[in-house]
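[1] predicted model and sequence below, questions to follow.
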Amino acid sequence: MATHTTTPLLQATQITKSYGHVQAMRGADFTVYPGEIVALIGDNGAGKSTMVGILSGATSPDSGTIVYKGAPIRFSGPTAAREQGIETVYQDLALAQDLDAAANLYLGREIARRGLLGKIGFLDKARMRTSARRELAGLGVQLKDVGAPVATLSGGQRQSVAVARAAMWAKDIIFMDEPTAALGVVQTRQVLELIRRVKDSGISVVLVSHNMPDVLAVSDRIEVLRLGQRVAQFITQDVCVDDLVGAMTSGTAE
């Protein structure tokens with residue numbers, strides 16, 4: 001069992017959520033500490049997506065408490081969570097394929113031109129591209145042309161743009177849903193390094209993944225959900241794949 005002396009940044013306690021007769025959350029707990037990468041794992045149907053949805057504002061719990069930075073909170077929606085400094089990178093990335101990387105980084109937060117042109121809807125594309133280059137470089141993301149449409153980028157590059165966008169706007173936490181799914185070995189390594197850089201910038205990362213080697217390679221802690229409840233917590237350096245599989249399948253480490 002993992003132990004921690006730091007005050008949690010985000011803590012969910014006894015969360016319940018039902019969809020008709022299906023109980024997705026059965027009194028689940030989850031904790032995020034400042035400046036860590038915590039993996040959230042579990043078999044299909046364990047409740048991972050529901051938990052992420054609740055903590056990112058996309059889903060409302062039926063009951064339970066969420067404490068964020070020491071105060072109880074209930075997000076009215078994803079925008080409310082983003083306003084509190086919580087960003088989410090979903091598996092589909094939610095990128096506008098026909099827009100370039102810079103435009104995607106500022107999607108929904110565009111910078112208007114100064115003066116009259118800005119008032120009538122003209123955007124300051126040069127300023128956004130300059131800022132985008134700086135943000136991407138700071139995270140070690142290398143793109144030949146930030147003005148190229150995202151559709152022309154590789155899978156790893158698109159994932160990097162999505163992560164960089166979240167890191168650009170997050171103040172405290174980024175949830176990442178299967179960030180290395182469908183990526184090759186080299187691209188996976190690059191994305192894992194990007195996740196480490198995000199942590200080094202002071203942002204906590206919640207990594208949702210089925211890939212146990214990735215989880216062991218990059219996380220500091222691991223929390224395990226099974227049938228809508230947290231059944232185990234681990235310090236990553238103290239466990240192996242067999243321990244994780246045991247917890248996911250039977251609720252106990254082997």
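    Happy to help now that I have it. Numbers count the residues shown, from 1 in each chain.
[2] how about the residue nearest the centre of the chain, secondary structure?
    In the chain, the residue lying closest to the centroid (CA atoms, centre = their mean) is Phe175, at 1.7 Å. Under DSSP: H, G, I helix; E, B strand; the rest coil, Phe175 falls in the strand class.
[3] relative to Phe30, how far out is it?
    Distance, Phe175 to Phe30, by CB to CB, to the nearest Å: 11 Å. Every residue, glycine included, has its C-beta placed from N, CA and C.
[4] between these two, what contacts are shared?
    Leu55 (CB atoms under 8 Å, 6 or more residues apart in numbering).
[5] near the residue nearest to Lys171 when sequence neighbours are not counted, how many other residues are there?
    Nearest residue to Lys171 in three dimensions, chain neighbours excluded: Gly85, at 2.8 Å (CB to CB, 6 or more residues apart in numbering). Burial of Gly85, expressed as a neighbour count using other CB atoms under 10 Å, amounts to 16.
[6] what residues does Gly85 make contact with?
    Ala170, Lys171, Asp172, Ile173.
[7] just the buried ones from these?
    Using 16 or more other CB atoms under 10 Å as the burial test, these include Ala170, Asp172, Ile173 as buried.
[8] can I assume Gly53 sits in a helix?
    Yes: read with three-state DSSP, Gly53 is one of the residues of a helix.
[9] and it, what's its pLDDT?
    Gly53 is assigned a pLDDT of 94 by the prediction.
[10] now do the SS call for the nearest residue to it once chain neighbours are set aside.
    Spatial nearest neighbour of Gly53, excluding adjacent residues (CB to CB, 6+ apart): Thr59 at 3.5 Å. Look at Thr59: counting by three-state DSSP, its state is coil.
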